[in-house]
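S.K.: Take this sequence and fold it.
(one chain, ligands or ions: 2)
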Amino acid sequence: MLDLDKRSITYLTGVGPKKAEVLKTEANISSFEDLLNYFPYKYMDRSRFYKVAEVNGSMPYIQLKGRILSFETAGEGRSKRLIARFTDNTGVIELVWFQSISYVKEKFSIGKEYIVFGKPTEFGQTCNIVHPDIDLIEQAGQVAGGLTPYYSTTEKMKKSFLNSRAIQNLQYALLNLLKWELPETLSSDVLEKTKLVSRTEAIKNIHFPESADKLKKAQLRLKFEELFFIQLNILQTASYRKQKLKGLVFSTVGDAFNTFYKAYLPFELTDAQKRVMREIRADMGSGRQMNRLLQGDVGSGKTLVALLSMLLAIDNKYQACMMAPTEILANQHYVTVMNFLGDMNIRVALLTGSTKKKERNKLLPAIAAGEIDLVIGTHALIEDTVLFSSLGLAIIDEQHRFGVEQRAQLWKKNTTIPHVLVMTATPIPRTLAMTLYGDLDVSVIDQLPPGRKPILTLHRYDNKKKELYSFLRKEIRLGRQVYVVYPLIEGSEKLDYKNLEDGFEVFKDVFSEYNVCMVHGRMKASEKEKEMQKFISGEAQILMATTVIEVGVNVPNASVMVIESAERFGLSQLHQLRGRVGRGAEQSYCILVSSYKLSNETRKRLEIMVQTTNGFEIAEADLRLRGHGDLEGTRQSGMGIDLKIANLASDGQILQYARDVAQQMLDEDPTLSLPLHQSLKEHIQNLFSRKINWGMIS
Ligand code: ADP
Ligand code: MG
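M.R.: Ligands and ions are numbered 1, 2, ... in the order given. From the prediction side, this is the model:
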């Protein structure tokens, strides 16, 4: 059988070097296998035509038949667009293009009959379809009725004549070449147990559905397969680690922990913190290496749990380190830890990118000699020059900003892998956690320290600035402090900074009797630090910032978080930002300021924020609204769960089933060495070869 993964797409008739290049760069398709796995994102029943007169904005994708009456261009710069008036004699609808304007104008003519396909949006009195698919009637006629697949394509692909239809043609040509017969990837025992259709049957029907029922079966099979291999890989790694990797045994609870707990801890632990500490202690004493994910909403007291765990390491004659994603946060952890520890005899060091060379030269040998107990820092900690004498516990705060590889770097710092505690304040939906961190044990702090008042969240339009200012003034008069945050989006940083700077001028003017400070990512660390300090000390009443303050900043006296252009933030980011307030005893507020014109999805996002402060609910909603690919955590994690067909928001049951089947298989055949499972093993190696095998790192 052909090795489809190695067979270049250029072997397919109709794919020359130029198209191959576009397929590669635009759709990541370079082999036969890649093409077969390029699944349609939707199917349309194209036997049905709508009338223009019956179209409204709430309809999903629709198909119309008619003629273009006229073309005109409107707008300037980014909003420049081509508008075609389109009619079928029952009414007129606008077709709109923001890109490829001259191409579209050239390709389509006034008066000819076309079939138009797309999602209608209501726009004032009229409806329009942005970037519709258009075909000549006679072309469209070639597409058999029934379920027509739609493949996502980019403008570049379309310009190279690789539209959805062309992709479908390529699929057809390829399947023909392969005589409609594909190698099976699942083992026979799995197929038997699950009663799923064969890979051949699935791929055939995913691209050329014979019926709605067969399509469904094909989707189920492919989703299962995708999730199954991920789970099999994760579970196998986890079980390998559990069996093979020795962990450092922290058997003692000694002076450091006990003294701190009895004499220094300023408050009682919450029940959730106590439970999590028990879980961590059990792990670290078990003889197995701990790999634990600690989830807890913002403000739930994870830092304290981290500190207590580090004290346990010290009691067992090991060093511990804690790594944070930003300097501000590392500094703050350092200050927090120092405050907690007071005059206890524990040697703590701070190591970040801006640690002075002289200081570094002193610190590094001290860490290597074991003269430092706790090292708190940023990425600087994972540099090769940082050597520990006996690293026993590595804590990583705000997990989602660190990639797996960076984490692995930390693990190399001892001959025996240190215990690892990963902390995240971005609650992760269960399905996502199972996929991203499926091999980590999970602890959850599901309780906030007592006495917190829930934050009140309000949504206000940006034409109501006066009311906003007077509200802020009222709060400041009561002695509170205010954050004002501006978005910083990749690609438009220049504009974003300008917005922040303009806003800063306005606030300085409006609140001239107070001190306003500003922090953003373009400032030097020292300057940032100085400005932050003004706010932390209370000298400044208002802190204006980009999202650099997103994680970790802790100023309990700050009671208002104003988020400008809130529509431009993702849910988890909004939630993180909101978590900066509500840390003191006062009633806190989060004010989401947006423009009046909002898309449905954005409006939903803001509504969810107003309705709930529960991070887990928000995470689930985020997953539903945006899909896993876009979720903050996954994009930044570098783990790239690049799912081609399964959807973590809606396929939770399939995921659980896939995990169960994988687990059962490993229970019977832990190393997949039965001949029956040989091909699975190879397939996993192929699929995940580029990723780090966590279990093997030592
Ligand atoms: P997280 O890192 O989970 O967002 P922090 O560790 O920064 O939260 O804790 C938030 C605040 O709550 C800190 O000021 C911390 O001192 C305080 N805190 C933590 N645990 C408790 C507790 N058990 N009782 C009262 N306050 C607590
Ligand atoms: Mg924290």
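
S.K.: Assign E72 to helix, strand or coil.
M.R.: strand (DSSP: H, G, I helix; E, B strand; the rest coil).

S.K.: How is the protein partitioned into domains?
M.R.: Taking automatic domain parsing as the reference, the chain has its domains at 47-145, 255-284+301-424, 456-612.

S.K.: Let me see the mean pLDDT of the shortest one.
M.R.: For domain 47-145, mean pLDDT is 85.

S.K.: rewinding a little: out of the domains of the chain, which is closest to ligand 1?
M.R.: Among the domains of the chain, the nearest to ligand 1 by C-beta to the nearest ligand atom is domain 255-284+301-424 (2.9 Å). Placement of C-beta: from N, CA and C, glycine included.

S.K.: what residues does the protein put near ligand 1?
M.R.: Proximity of the chain to ligand 1, by C-beta under 6 Å from any ligand atom, involves residues 267, 269-270, 273, 296, 298-304, 425, 449, 554, 583.

S.K.: Buried among these? Need that as a selection in PyMOL.
M.R.: Command for PyMOL that selects the buried part of these, burial taken from 16 or more other C-beta atoms under 10 Å:
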select buried, resi 269+270+273+296+298+299+300+301+302+303+304+425+449+554+583
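
S.K.: so which one among the residues of the chain next to ligand 1 has the lowest pLDDT?
M.R.: Lowest in pLDDT among the residues of the chain next to ligand 1 is A425, which has 73.

S.K.: ok, and the closest non-adjacent residue to that one?
M.R.: Using C-beta to C-beta, 6 or more residues apart in numbering and skipping the chain neighbours, the partner closest in space to A425 is V298 (4.8 Å).

S.K.: who's in contact with the one you found?
M.R.: Taking C-beta atoms under 8 Å, 6 or more residues apart in numbering, we find V298 in contact with A425, H575, Q576, R578, G579, R580, G615.

S.K.: so who does Y43 touch?
M.R.: Contacts for Y43 were tallied using C-beta under 8 Å, 6+ apart; they are L147, T148, P149, Y150, P209, L215.

S.K.: And for S100, nearest residue in space, chain neighbours not counted?
M.R.: In space, S100 is closest to E155, 5.6 Å off (C-beta to C-beta, 6+ apart).

S.K.: Just the pLDDT at the one you found, thanks.
M.R.: pLDDT for E155: 89.

S.K.: That one: how many residues sit nearby?
M.R.: E155 is flanked by 14 other residues according to other C-beta atoms under 10 Å.

S.K.: again, but for S443
M.R.: S443 has 23 neighbours, counted by other C-beta under 10 Å.

S.K.: beta partners for it?
M.R.: Under DSSP bridges, the beta-bridge partners of S443 are L294.

S.K.: Could you say which helix or strand holds M284?
M.R.: For M284, the host element (DSSP states H and E) is helix 271-285.

S.K.: Which residues does that helix contact?
M.R.: 247-251, 253, 269, 290, 292, 294, 296, 300-301, 304-305, 308-309, 312-313, 393, 419, 421, 441, 443-447.

S.K.: Buried ones among those?
M.R.: By neighbour count, with 16+ other C-beta under 10 Å, the contacts of helix 271-285 hold 247-248, 250, 269, 290, 292, 294, 296, 300-301, 304-305, 308-309, 312-313, 393, 419, 421, 443-446 as buried.

S.K.: thinking again about what came up before, could you single out the nearest of the contacts of V298 to E94?
M.R.: H575 (37.6 Å; C-beta to C-beta).

S.K.: Can you name every helix or strand that the helix or strand harbouring that closest one contacts?
M.R.: Using DSSP H and E, H575 maps to helix 571-578. Contact partners of helix 571-578 among helices and strands, from 3 or more C-beta pairs under 8 Å, 6 or more residues apart in numbering; DSSP states H and E: strand 558-563, strand 589-594, helix 600-611, helix 615-626, helix 632-637.

S.K.: Please report phi then psi for K159.
M.R.: Note on K159: its backbone torsions stand at phi -60, psi -30 [degrees, to the nearest 10].

S.K.: mind listing what the nearest residue to T200 once chain neighbours are set aside touches?
M.R.: Leaving aside its sequence neighbours, T200 sits nearest to L182 (C-beta to C-beta, 6+ apart; 4.6 Å). By C-beta under 8 Å, 6+ apart, the residues touching L182 are L4, L36, R199, T200, I203.

S.K.: Turn those residues into a markdown table, columns for neighbour count and pLDDT.
M.R.: Shown next, in a markdown table, are those (neighbours: other C-beta atoms under 10 Å; pLDDT from 0 to 100):
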| residue | neighbour count | pLDDT |
| --- | --- | --- |
| L4 | 17 | 82 |
| L36 | 20 | 95 |
| R199 | 20 | 96 |
| T200 | 15 | 96 |
| I203 | 23 | 97 |
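
S.K.: Keep only those of these that are in helices.
M.R.: Secondary structure defined by DSSP state H assigns L36, R199, T200, I203 of those to helices.

S.K.: which secondary element of the chain has the worst mean pLDDT?
M.R.: Here the helix or strand of the chain ranked lowest by mean pLDDT, DSSP states H and E is helix 632-637, holding a mean of 40.

S.K.: The helix or strand just after it versus helix 615-626: what angle between them?
M.R.: Per DSSP H and E, the first helix or strand lying C-terminal to helix 632-637 is helix 652-668. Interaxial angle of helix 652-668 relative to helix 615-626 (axes from the mean of the first three to the mean of the last three C-alpha atoms, to 10 degrees): 110 degrees.
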